[in-house]
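# A structural model of the following input is requested.
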Amino acid sequence: QVQLAESGGGLVQAGGSLRLSCAASGRTYGMGWFRQGPGKGREVVGGFTIYTSTPYYADSVKGRFTISRDNAKNTVDLQMNSLKPEDTAVYYCAAQSQAVGRFDSWGQGTQVTVSS
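Down below sits the predicted model:
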C-alpha cells in the first residue's frame, strides 16, 4: 500500500468550482476518486486504470469534472466545475499499489459541500 494525502475541498455555491489534489507516497498504478454522499453508499467518480492514459468518469459527472494525473509526481487531481448540491459528499482518493488487483490504498477523505 501507499499513503495518500488529499487537499482541497470546502464549501461552494451551486455552479461554482473546486479542485481536489491527491499525492501518493510511492509508485501507483491505477488512481481515482470516489465519493460518499449523506446517507449514500460510496460511488466511483472516475480515474485512471493501468491500461489507459485517458480517464473514465461516472455518468453523473461527465462534462463537469476533469481528472488529471502526473505519473512523475504520483499525483492525481480532480477539477470540479458546475457543481450541484447533489455533488455534496466526502471525496476519497484511491490508488492501486500493485499492478494487479483492486484499489488498496485510500485517502482520509475531504468534504465537499455545495449549497443551493
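# for the spatially most central residue of the chain, helix, strand, or coil?
The centre of the chain sits closest to W33, judged by C-alpha atoms, centre = their mean, with a distance of 2.4 Å. Recorded secondary structure, W33: strand (DSSP: H, G, I helix; E, B strand; the rest coil).
# what residues are up against it?
20, 22, 44-47, 67, 76, 78, 91-94 (C-beta atoms under 8 Å, 6 or more residues apart in numbering). Every residue, glycine included, has its C-beta placed from N, CA and C.
# so what sits opposite it in the bridge?
G46, C93 (DSSP bridges).
# from Y91, how far off is it?
6 Å (C-beta to C-beta, to the nearest Å).
# what residues are shared contacts of these two?
L20, V45, L78.
# tell me which element the first one falls in.
With elements taken from DSSP states H and E, the one containing L20 is strand 18-24.
# quick one: buried residues of that strand?
Of all the residues in strand 18-24, those buried under the rule 16 or more other C-beta atoms under 10 Å are L18, L20, S21, C22, A23, A24.
# show me the contacts for the fourth one.
This means C22. Contacts of C22 by C-beta under 8 Å, 6+ apart are 4-7, 31, 33, 75-78, 93, 95, 107.
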